[in-house]
Every structure is written in structure tokens, then in C-alpha cells.
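Colleague: Following is a predicted model, sequence given first.
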Amino acid sequence: MYAARQVADGTDDVSAVTSVGVQSTIKWGRRRASAPRITGRPRLPPTLGELVKSSVENLDPTKVKLTVEVPFEEFKPAIDAAAKEIGKQVNIPGFRRGHVPARVIEAQFGRGVIIDEAVNNSLDRYYGAAIEENSLRPMSRPEVDVTAVPAEKGSTDDLVFVVTVEVRPEIVIPEPSSFKITVDAVEVTEEDIEDRLTALRERFGTLKEVERPAKEPDYVTIDMVAKIDGEDVDSVSGVSYKIGSGTMVEGIDAALTGLKAGESATFTTNLAGGEHEGEEAEVTVTVHEVKESELPEADDDFAQLASEFDTVEELREDLRGEVAKAKASAQVYEARDLLSEKLREAVDFPLPKEALEEEVVRHLEMEGKKPGDEHEPEAREESERLMRDQLLLDVLAEGFAIDIEQNELFSFMVQQAQAYGMDPNEFIQAAAQANQVSSFAAELARGKALIAYLRLVDVVDSNGEQVDVSAVVGEAPEDQTIPEFGQKTAKEREADEKPFDPATAKIEDVLAYVAAADEDEKARIIEAEKAGKARKTLLEKLEG
């Protein structure tokens, strides 16, 4: 009996394989259950040979045992290829490298070596194909046990292996019509327009150094030193900061307000980044310069300088349109977030235990913590929430048959690079080297799937007016696939197909069922009750 070795963790390749061990498709987080198709890079799914058999046994809602039987005639080409490959790697007197007959290889090294190589080279293909044909979505590394091989000389036995693997549970998405989302109505105020106009004026403003105490929204040049238990843990110098912008640590705005150039203040805060992120530190900030921004007057001259408009009133009307458009976008994305919450509450399904535990550990490791840490309950809650969201959206993405265009993926990754403050080319290269491109494609597909679902949901504002989601996110593609929502799970279908058994129900439930049944069904229930529990009280009522 051969026992397949588990692959080392860390690869994100779909259907990646090392040696005999088979790596499942990308799991959640670093890996995922199924990768969206990226157009422009066609990929045909692996298929089992006509003679190959596979069967699935459900161990629980999130774990299956997959048995694959490969007949000798199907497996023989892999054996021949393995013998040829071994022949390229060995020196046998009397034969040129690469031209050693299979019988000689078998005589020299034994048939087991060839079979082992053949299994190593073919197991991933058969496993991947069986997964595809049985519509399974692996969530963890599979445990593979090769139970039968044609190891003996002249043997024509089948290759048989058994895979135990966690899979994505059945997830039923409710009908979009079951949701009604209410968002705030769009209201453009004069204050909104003034804020936009002020922001535009600031782009053309000039900074002038002042001798007075600093206040919002002054610009200051500062040094900062952070200490924990009296020891310096971080420092910056010569940094420019706009008071009130909120781009630095909490408490700095209050500390800077009222300081003149050359003055310092000390305050306590939680560090926002670095090795000591989240830890409480004593921060000393020193002001070197205080500058205020002198803004140009909001008049016709400014309108001509800053825009294509001749008058400031025309500019204001244009800004009004910009604000309305921005608020309409915010309205739709508010609806998206509310829908995500409602879906999370409405759809219940079990999570694969092993995959979840892996994710909790990964979550803790990213924070520099270990299992058993006091923060583990928080990490577990967050991991569970994220896993539920991702699995649910994966189902939506598959249902809508979401495709990811190459240019979409590129733009998305550029946005991610900007969010991390990285050069896009370096970011994309790093993602490719880490086999994370499919993960980004999956994340993009999830977002598109949620928007596709949102288009079908009733979205109204607080005034009762219909919100045009498509006006913000665009119309659905003409060939958009619409899933069959509200389909029952296999367990529910099984329950529907199974005839009502009075032995499994309470007396009141049996009576309620019979009341709605015809005479033939009533007679069947009476006979079933007599053959089962034969509850006297119930039989008296049924036969009365």
C-alpha cells in the first residue's frame, strides 16, 4: 500500500502538485475553493478517461471521501512514460542514456520504482479531474491514500486511491426579491458645494509661515519620537502634516493645537504601524514650522483659472453635479454593504473545520501571535466572518458565471499596489512570484458578483424613491448568466423525496400532516404508525 505524502503548504497554484502529494485548489485567504476564469487565458478542465471511475462519500457537510479507480489500460501510458523518464536519469552499461528499455529499468530497479514515479506523475491529473467531474470545491489539503497499484511484475491491477478532503458546503442563495435595502436619500447642500469649492481653492493656495500658535487646518513641520517603557521605539523628523487631516496617530491634532514653532508636547496613544502596532506609547512631538494656506478668492477670475468655466456661478453648478454624482455612488456602495450584511444573516451553512483552524492560525501569525493567545477569540470571529463572506460570494460568482478580463485584473492590482504604497510593477511581479494572481482575480470576481446580485435587489432611499443601481455601477452584460436562486440543499431535497415517517414526528405534527393529506396517504400513515411506535393515543385519533 502506498501512502501519498502531503505537500508542503504555501503554494497558491490551482491544482498544484509535488511528488505524490496532491495540493488542492486555492483555499480561502491564501487559497480558495475555485478560481474565476480569466478571459484571454483559456483553460480546459482536466477530464477522466472513459474507463476511469470515481465515487464520492459524504462524511459530513464539509468533508468527503473520494475514491478513484484507474484501470490498468488507462494507467499504462503513465507507467511507460515513467520508465522512459527514469531511463533518462540513469547510466546502464550497454545502453545510451535515454534509450534504456523499460524491461531493463524494471530488472535493474524493480517495478515498484517505475510505479512510484508513474503515480507521482499522474495522481494530480486524476484527482483534479475527479474533483471537476463531481463538482467538488476543495477547501483544505487532501489526505491521499493509494490503496492499490500494479506493483507486481506482469500485474495488470488497477490504480486505486482514496482522497479525504474538506470541501465547500452547499450554499443556497435567497431570491434577490426577498431583500429590500433602504439607504439615505441624496441631498446636495450649499455646505457640500462650499466644501468642494474650498478644496479646489486649496489646490491653488500658497503656504505662508506664521508666528502664531498652530490651529486647524495649518500645515506644520514636525519631529516625533515614540517611547515604550522609556525606550525609543520609533521616530520621524522633518515631516509635514496638516492639522485635522487624521493621517497620523490618534491624539496628535490635539497635541499640536496651540503649539508655536520650537515648542513640544507629549501625549499617550496607540501606535498605528510598525513592529509595535497597537501598543500604547508615549509620543513627543516638536514643531519646527507653522504655515497657513492663503486661498485665492472664489470669483470669476478663479473660475477661469481653475476650470473651463467663465464665472464662479457656472463653476458652482458643475460642483453641484459632482457632489450629486459622488453621493449617488456612496448611496449605492452603502446599499452594497447593507446587502452583504443581510446575506450574511440570511444564509447559514457550516464551515470546514480544518480550513477554518488554518485560517485562524494564519490570522494570529500575521499579528505576531500564537494559538492560545488572549486575542484568539477575536481572530476566530474575524476569520469566520471573512470565510463566510468569501464562500458565499464565491457561490454567487459561479452562479453569475463571472469572467475577469485581463485588463480588469491589471487595473485592480494597480489599485491594490497604490493602496499599499508600492510601485505597481513591483507589486504585480511579487504577486506573480507568490502565485497570488488567482487570489486577486477571485477577490475581484467576488466584488463583481455582489454588484450583479445588487442589481436584482429592491433598493430605495429614505424618501421611498427607487435607487438606480445600474446608473452608478453600469448595466449588466447582455449575456449575463442569472443563477437559479433559492434552490434547496441536497439534505432538503432528500427530505422532500423521503415519505413522511410518523415515527420521527410528534403526535401533533402527525395529526397536522394527516389533516392535509388524502385518504390513501392517511391509510399509509396509520399502517406506518402501527409498524413503528404504535402510539395508542395517536392511533385512536387517526382511526376515530
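Modeller: That came in fine, so what should we check first? Residues are numbered from 1 along each chain as shown.
Colleague: all strands for the stretch 151-300 of the chain, in order.
Modeller: Counting by DSSP state E, counting those that start in this stretch, the stretch 151-300 of the chain has strands at residues 159-166, 180-183, 206-209, 219-228, 231-242, 264-270, 280-294.
Colleague: now the last one, how far from the chain's geometric center?
Modeller: For strand 280-294, the gap between its own C-alpha mean and the chain's C-alpha mean amounts to 40 Å (CA atoms, centre = their mean, to the nearest Å).
Colleague: Check which helices and strands the helix or strand just after it sits against.
Modeller: Sequence-wise, the next helix or strand downstream of strand 280-294 (DSSP states H and E) is helix 300-306. With contacts taken as 3 or more CB pairs under 8 Å, 6 or more residues apart in numbering; DSSP states H and E, helix 300-306 sits against helix 190-203, helix 312-346. Bear in mind the C-beta positions are built from the backbone N, C-alpha and C, glycine included.
Colleague: Among those helices, show me which one is buried the most.
Modeller: helix 312-346 (a mean of 16; mean count of other CB atoms under 10 Å).
Colleague: Which strands or helices does that helix pack on?
Modeller: Partner elements for helix 312-346 (3+ CB pairs under 8 Å, 6+ apart): strand 180-183, helix 190-203, helix 300-306, helix 376-399, helix 437-454, strand 458-461, helix 469-473.
Colleague: wait, is residue 64 part of a strand?
Modeller: Yes - remark: residue 64 belongs to a strand, assigned using DSSP: H, G, I helix; E, B strand; the rest coil.
Colleague: what's the burial count for it?
Modeller: 20 (other CB atoms under 10 Å).
Colleague: That one and residue 158, how far apart?
Modeller: 21 Å (CB to CB, to the nearest Å).
Colleague: Likewise for residue 323?
Modeller: Taking CB to CB, one finds residue 323 at 70 Å from residue 158.
Colleague: Can you give me the distance of the spatially most central residue of the chain to residue 445?
Modeller: For the chain, residue 390 is the residue whose C-alpha lies nearest the centre (CA atoms, centre = their mean; 4.0 Å). Distance check for residue 390 against residue 445: by CB to CB, it reads 11 Å.
Colleague: can you check residue 59 too?
Modeller: 29 Å.
Colleague: May I ask you to confirm that residue 55 is in contact with residue 64?
Modeller: No - using CB atoms under 8 Å as the test, residue 55 is too far from residue 64 to be in contact (10.0 Å).
Colleague: ok so, going back, quick one: the helices and strands packed on helix 312-346 as JSON lines, columns for distance to residue 339 and mean pLDDT too.
Modeller: As requested, these are arranged in JSON lines below (distance: least, CB to CB, whole Å; pLDDT from 0 to 100):
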{"stretch": "strand 180-183", "distance to residue 339": "6", "mean pLDDT": "96"}
{"stretch": "helix 190-203", "distance to residue 339": "26", "mean pLDDT": "94"}
{"stretch": "helix 300-306", "distance to residue 339": "38", "mean pLDDT": "95"}
{"stretch": "helix 376-399", "distance to residue 339": "11", "mean pLDDT": "94"}
{"stretch": "helix 437-454", "distance to residue 339": "6", "mean pLDDT": "94"}
{"stretch": "strand 458-461", "distance to residue 339": "8", "mean pLDDT": "96"}
{"stretch": "helix 469-473", "distance to residue 339": "10", "mean pLDDT": "94"}
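Colleague: for stretch 147-158, what is the average pLDDT?
Modeller: Averaging pLDDT along stretch 147-158 yields 86.
Colleague: How about that stretch, which residues are buried there?
Modeller: 149-150, 158 (16 or more other CB atoms under 10 Å).
Colleague: ditto for stretch 108-126
Modeller: 111, 114-126.
Colleague: who are the neighbours in contact with residue 354?
Modeller: Applying CB atoms under 8 Å, 6 or more residues apart in numbering, we find residue 354 in contact with 139-140, 166.
Colleague: Who has more neighbours out of residue 59 and residue 445?
Modeller: When neighbours are counted by other CB under 10 Å, residue 59 and residue 445 differ, and residue 445 comes out ahead with 27 against 13.
Colleague: could you pull out the helices for the stretch 1-150 of the chain?
Modeller: In the stretch 1-150 of the chain, the helices defined using DSSP state H, counting those that start in this stretch lie at 72-87, 102-109, 111-133.
Colleague: Format those helices as JSON lines; extra columns: mean pLDDT and distance to residue 408.
Modeller: Below are the helices of the stretch 1-150 of the chain laid out as JSON lines (pLDDT from 0 to 100; distance: least, CB to CB, whole Å):
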{"stretch": "helix 72-87", "mean pLDDT": "87", "distance to residue 408": "38"}
{"stretch": "helix 102-109", "mean pLDDT": "72", "distance to residue 408": "49"}
{"stretch": "helix 111-133", "mean pLDDT": "89", "distance to residue 408": "25"}
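Colleague: As CSV, these with distance to residue 482 would be great.
Modeller: Output for those, formatted as CSV (distance: least, CB to CB, whole Å):
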stretch, distance to residue 482
helix 72-87, 39
helix 102-109, 54
helix 111-133, 23
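Colleague: Select, out of those, the one closest to residue 222.
Modeller: Closest to residue 222 of these, according to CB to CB: helix 111-133, at 57.1 Å.
Colleague: Just checking the distance from the closest one to the centre of its chain.
Modeller: 30 Å.
Colleague: Can I get that helix in PDB, CA atoms only?
Modeller: As requested, the backbone C-alpha atoms of helix 111-133 are provided in PDB (Å, rounded to 0.1, in the frame of the first residue of the first chain):
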ATOM      1  CA  ARG A 111       8.800  -2.400 -10.900                       C
ATOM      2  CA  GLY A 112       8.000  -0.500  -7.700                       C
ATOM      3  CA  VAL A 113      10.300   2.300  -8.700                       C
ATOM      4  CA  ILE A 114       8.500   2.800 -12.000                       C
ATOM      5  CA  ILE A 115       5.100   2.500 -10.500                       C
ATOM      6  CA  ASP A 116       6.000   5.100  -7.800                       C
ATOM      7  CA  GLU A 117       7.200   7.500 -10.500                       C
ATOM      8  CA  ALA A 118       4.000   6.900 -12.500                       C
ATOM      9  CA  VAL A 119       1.800   7.500  -9.500                       C
ATOM     10  CA  ASN A 120       3.800  10.700  -8.700                       C
ATOM     11  CA  ASN A 121       3.300  12.000 -12.200                       C
ATOM     12  CA  SER A 122      -0.400  11.200 -12.700                       C
ATOM     13  CA  LEU A 123      -2.100  11.400  -9.400                       C
ATOM     14  CA  ASP A 124      -2.700  15.100  -9.600                       C
ATOM     15  CA  ARG A 125      -4.400  14.800 -13.000                       C
ATOM     16  CA  TYR A 126      -6.800  12.000 -11.900                       C
ATOM     17  CA  TYR A 127      -7.500  13.900  -8.600                       C
ATOM     18  CA  GLY A 128      -8.200  17.200 -10.400                       C
ATOM     19  CA  ALA A 129     -10.400  15.600 -13.000                       C
ATOM     20  CA  ALA A 130     -12.400  13.700 -10.300                       C
ATOM     21  CA  ILE A 131     -12.900  16.900  -8.400                       C
ATOM     22  CA  GLU A 132     -14.200  18.600 -11.600                       C
ATOM     23  CA  GLU A 133     -16.500  15.800 -12.600                       C
END
